[in-house]
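> predicted model, plus sequence, below.
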Amino acid sequence: MKLAETRDGPARDDLASDIAALAPWFHNIDLGGIETAPDHFLGDYPRAKFAGFAHALPRDLAGKSVLDIGCNAGFYSIEMKRRGAARVVGIDSDERYLAQARLASAALGFDGIEFRNLDVYQVAALGERFDLVIFMGVLYHLRHPLLALDLIREHVADDLLLFQTMQQGSDAVAEVPEDHPFFMPGTFEKPRYFDDPGYPKMHFIEHRYADDWSNWWAPNRAGSAAMLRAAGFAIVANPEPEVFLCRTAPVPYAQLGPAAVYPTKGEPRA
């Protein structure tokens, strides 16, 4: 289905029916004058969100490959295709989201995007690396968030990572020592670094957050940055407190041995 076909007549009616059949939508996408979630509680989401950091990404992705992890209805996959990406793969573990993404991309004429049912822990199964990996709005839903970042670095990230997560606590980023002392010098007192609002923290959400049982974690800004560095990503831009653009970098302490053993197949990090 091409965009021109959605403007009027039976094709428009069919599209509206298809959109309704796949409701509810979390991504509000304009499909030729028909919006998928016009009453979204966050407004024109995620378009309004993207407007705040779109400038941090390369405008021309010609010849580049993109992996969109947790692609939902495909908004970011479509936007990367708009920028000329040669190959775009979106993965999600929810079949309804994937159906939404296929409908949206087809309605806008972007038939070349590949959507697959995989979760972040299965990225090694893709068997390829990507110039840009998008990992937005997923980390806080994971029981094992650092494992997810490790697997992305190990198996699919070749250059850039666009990362976003829900954050709570301070936006401050404190300086922390390279080696934490067991006690404050000359005392038996615990170090005070951990009480600093800007110390890297992960808040664990035992119960529901915003009526969603799958919201498990909310790092502060320093915590997000520290986890990214620990997984082998160098932060090159932080256009919004919760949005980070990173490049692959050496994994800290890798020369001392693997941080963990992950029973998954795929090519090792470069």
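Okay, I see it.

> pLDDT weak spots in the protein?
Along the chain, segments meeting pLDDT under 70 span 1-10, 259-270.

> which residues of it fall in helices?
For the chain, applying DSSP state H gives helices covering 9-21, 47-51, 75-82, 95-107, 145-155, 221-230.

> and the fifth one, what does it pack onto?
It stands for helix 145-155. strand 130-136, helix 221-230 (3 or more C-beta pairs under 8 Å, 6 or more residues apart in numbering; DSSP states H and E). For the C-beta atoms, the positions are set from N, CA and C on the backbone; glycine is no exception.

> and the last one, C-alpha only, in CSV?
The one in question is helix 221-230. Extracted C-alpha coordinates of helix 221-230, given in CSV (Å, rounded to 0.1, in the frame of the first residue of the first chain):
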residue,chain,number,x,y,z
ARG,A,221,21.5,10.0,34.6
ALA,A,222,24.8,9.1,36.0
GLY,A,223,23.7,5.4,36.2
SER,A,224,22.8,5.3,32.6
ALA,A,225,26.1,6.8,31.5
ALA,A,226,28.1,4.5,33.8
MET,A,227,26.3,1.3,32.5
LEU,A,228,27.0,2.4,28.9
ARG,A,229,30.7,2.9,29.6
ALA,A,230,30.9,-0.4,31.5
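
> and the gap between the nearest residue to Gln167 once chain neighbours are set aside and Glu114?
Excluding the flanking residues, the one nearest Gln167 by C-beta to C-beta, 6 or more residues apart in numbering is Glu242, at 4.7 Å. Between Glu242 and Glu114 the distance is 28 Å, computed by C-beta to C-beta, to the nearest Å.

> the more surrounded of the two?
Glu242 (19 against 13; other C-beta atoms under 10 Å).

> returning to what we had before: tell me which of the helices and strands packed on helix 145-155 sits most buried.
strand 130-136 (a mean of 23; mean count of other C-beta atoms under 10 Å).

> in stretch 179-195, what counts as buried?
Pro191, Tyr193 (16 or more other C-beta atoms under 10 Å).

> for stretch 100-115, that is, sorry about that
Neighbour count says stretch 100-115 has 100-110, 113, 115 buried, by 16+ other C-beta under 10 Å.

> one more: stretch 13-24?
Buried-residue list, stretch 13-24, by 16+ other C-beta under 10 Å: Leu15, Asp18, Ile19, Leu22.

> cool, stretch 33-49 as well?
Buried, per 16+ other C-beta under 10 Å, within stretch 33-49: Ile34, Thr36, Ala37, His40, Asp44, Pro46, Arg47, Lys49.
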